[in-house]
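Q: structure, please.
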Amino acid sequence: MPTDVPKPRHDPIRLAVLLSGGGTTLVNLAKKIQAGELDAQLAVAVCSNQSAYEKLTAHSLDLPVHLVSRKDHADAASFSQAVFNIIKDADVDLVCLAGFLCLLSIPDDFSYRVLNIHPALLPAFGGKGMFGHHVHEAVIASGDKVSGCTIHFADQTYDTGQILVQRTCPVLNSDTPDTLADRVFEQECLAYPEAIRLISQGRLTIDGKLDTPKLNP
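A: The predicted model follows:
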């Protein structure tokens, strides 16, 4: 049975960004919006740890920033509820995971309303523990000559949701995890805005888990 991706209720689309690291993806989205290259509004940011919170607030972005620490919650369900309470209060259309390392229990009303970015070409090099340099180290060790990034809908497990956008880059013989990460990030800066634009159009339909989402007329 085909499933229509929920249409945004706001124009421009309102985004929540969730992060556990330095906030580079969020800063990129803010720059794209400011430059007029992405028609969207950053409504709220949620950090999963104190370090991420401090790094993000240092960027002085004009949006509310919340800290919801995983260690302060007994289980994934209570942690996820605390995160989504903030998201719902901000009246958000789309949640963008941007280096968010905590597995979320996604409520039914946010099905196909949560995106994740992964620094490799899923389904390869995904799953629990595969994040950041762990991914780039694995790609280099595999001998693959192409890597890239994947934007996919998040579900209840790691890196298994419907793929929306992928972009590629070469893996060079001289690459280190750092140099490959830089090249992949260049593609991430293009891929996430592209995925958000597709959602903003409100014409995406999914027909089967492995199919590429289709644009309706």
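Q: show the subsequent helix or strand relative to the host helix or strand of Q166.
A: Secondary structure from DSSP states H and E places Q166 in strand 163-170. Counting by DSSP H and E, the element after strand 163-170 in chain order, helix or strand, is helix 177-201.
Q: and that following helix, which residues are buried?
A: The neighbour-count check on helix 177-201 (16 or more other Cβ atoms under 10 Å) flags 177, 180-181, 183-184, 187-189, 191-193, 195-196, 198-200 as buried. C-beta here means a position set from N, CA and C on the backbone, and glycine is covered the same way.
Q: partner strands of the following helix or strand past it and their direction?
A: The C-terminal neighbour of helix 177-201 among helices and strands, as given by DSSP H and E, is strand 204-206. Using DSSP bridges, the strands paired with strand 204-206 are strand 3-4 (antiparallel), strand 214-215 (antiparallel).
Q: I'd like the average pLDDT over the first one.
A: This means strand 3-4. Across strand 3-4, the average pLDDT comes to 84.
Q: how far is that strand from where the chain is centred?
A: With Cα atoms, centre = their mean, to the nearest Å as the basis, strand 3-4 stands 20 Å off its chain's centre.
Q: got a list of contacts for it?
A: For strand 3-4, the surrounding residues in contact (Cβ atoms under 8 Å, 6 or more residues apart in numbering) are 112, 204-207, 216.
Q: correct me if wrong, but V139 is in a strand.
A: No. For V139, which was evaluated using DSSP: H, G, I helix; E, B strand; the rest coil, the result is helix, with no strand membership.
Q: residues contacting the strand holding Q166, please?
A: 115, 121-122, 145-153, 183-184, 186-188, 190-191, 194-195, 198, 212-213.
Q: thinking again about what came up before, quick check on the contacts of strand 3-4: which are buried?
A: Using 16+ other Cβ under 10 Å as the burial test, these include 112, 204, 206 as buried.
Q: now do the second one, the pLDDT please.
A: Pointing back at L204 there. pLDDT for L204: 88.
Q: who does the strand holding Q166 pair with, and is each partner parallel or antiparallel?
A: Strand pairing for strand 163-170, determined by DSSP bridges: strand 146-153 (antiparallel).
Q: let me know the average pLDDT across the strand it pairs with.
A: What strand 146-153 shows for mean pLDDT is 97.
Q: thanks again, I'm all set now.
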